[in-house]
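Peer 1: Provided below for reference: sequence and predicted model.
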Amino acid sequence: MSASPVVFDTLAMVDGQYLGIATLDSERSLNALTLAMVEALLPQLEQWANDARIAMVLLRGRGDRAFCAGGDVRDLTQAARTGEGDPMAPAHFFAREYRLDYYIHQYAKPLLVWGNGVVMGGGMGLFAGARYRVVTETSRLAMPEIGIGLYPDVGGSYILSRLVGRVGLFLGLGASQINAADALHLGLATHAVASTQWQALLDALQQLSGESVSQDIEAVLAQLALSELPAPQVEPRREAIESLCAHEQLSALDAAWRAQDLPEDSWLAKAISTYRTGSPTSAALVWRQWHNSRDLSLLEVFRQEWIISTQCALHADFPEGVRALLVDKDHSPRWQPATLAEVSAEHIAAHYALPAGMSQPLADLS
């Protein structure tokens, strides 16, 4: 890894303008998003947005395995788990991360994210707002937060609540991984290109005129389009997904998912199994966010998510989930409360209350 957590380059185009390229440079951690990465990316994206010489921006991750596998949650929960470190770190990180994610959604210039390999959690936050969201045959997208006592944040509440039918609810509760075909079908990705074509993409973009890059990029991506997509997972299972999620109350879904035998379909079975071992508090948050976020603007969602995510870091399940999955790796989290029946309305309401002594850090965004 280089000294900087993000490497910035520019490539000249034929008319003297430039492509700006940002590379998350932590291949060993699957480019897990850190505060240092966020603090490097945001000002550079702002600078490029205001630089007339930059015609287009591209964002990718180092290596072939991942664009970004999520946030560095071990560092975020260190104070809660060990008593060491800054207890305010999660609140600050989420504020800066969500500001960056929102800025990507509003970016004034063509922005392409190369979603090769793993795109999960915080990686989805960087990916989902780009104008051009490119997946490859190796892409694996997911919001797996229920397994660590969190919920699909980074704008995930907004995104999942707007997917067709109840697919977003299913993906949030079951943390299912989807591929390039699914991402295109659901509108989470805009284009699919072979993973071997990154350099060809750069070469083609350099031949464009900066003045017409917004129009010509579509032709480039069409020319490089992946010839054979992986077999879709969501569309063939739509009826089953809708049936599994066709409950008016989470308590009814919880009872059904826990009582029934696991389906023979391994993809569906894994989702139900993941739900069963996930945080009951997270399940309640996923359910509420999916139902309520469809009526909120993107900015309202980010502001609400900052409160919920900060509260998750102040409650038991997020630090405990990180301990069980990523630190001790015993895969035996001790959730508090341990069952959905024990998750009270007051417990969930506390996650929506502005943390004591804090003010809304995203209040200045418009």
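Peer 2: Great, that's in hand.
Peer 1: Now the helix-or-strand element of the chain with minimal mean pLDDT: buried residues?
Peer 2: In the chain, no helix or strand scores lower on mean pLDDT, DSSP states H and E than helix 78-82, which sits at a mean of 88. Neighbour counts over helix 78-82 (16 or more other CB atoms under 10 Å) mark Gln78, Ala79, Ala80, Arg81 as buried. (Each C-beta comes from the backbone N, C-alpha and C, glycine too.)
Peer 1: The second one reaches Ala91, doesn't it?
Peer 2: No. Ala79 sits out of contact with Ala91 when judged by CB atoms under 8 Å, with a separation of 11.0 Å.
Peer 1: and the buried residues of helix 78-82 as CSV, adding distance to His185?
Peer 2: Formatted as CSV, these follow (distance: CB to CB, whole Å):
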residue, distance to His185
Gln78, 39
Ala79, 41
Ala80, 38
Arg81, 39
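Peer 1: which residues touch Leu299?
Peer 2: Tyr102, Leu362, Leu365, Ser366 (CB atoms under 8 Å, 6 or more residues apart in numbering).
Peer 1: Could you look up the next helix or strand downstream of whatever helix or strand it lives in?
Peer 2: Taking DSSP states H and E as the criterion, Leu299 maps to helix 298-314. Once the chain leaves helix 298-314, the next helix or strand it forms, by DSSP H and E, is helix 317-322.
Peer 1: Give me the contacts around that following helix.
Peer 2: Under CB under 8 Å, 6+ apart, the answer for helix 317-322 is 73-74, 76-77, 80-81, 147-150, 279, 281-282, 312-313, 333-336.
Peer 1: Among the residues you listed, name the ones in strands.
Peer 2: Of the positions in the contacts of helix 317-322, not one sits in strands, assigned by DSSP state E.
Peer 1: List only buried entries from the residues you listed.
Peer 2: 73, 76-77, 80-81, 147-150, 279, 281-282, 312-313, 333, 335-336.
Peer 1: So which of these are in helices?
Peer 2: When DSSP state H defines the helices, the subset of the buried ones among the contacts of helix 317-322 inside them is Val73, Leu76, Ala80, Arg81, Thr281, Ser282, Cys312, Ala313.
Peer 1: follow-up on the earlier one: now do the least confident helix or strand of the chain: which elements does it pack against?
Peer 2: If you count contacts as 3 or more CB pairs under 8 Å, 6 or more residues apart in numbering; DSSP states H and E, helix 78-82 packs onto helix 317-322.
Peer 1: Distance from the helix it packs on to the middle of the chain?
Peer 2: Put simply, helix 317-322 sits 18 Å off its chain's centre (CA atoms, centre = their mean, to the nearest Å).
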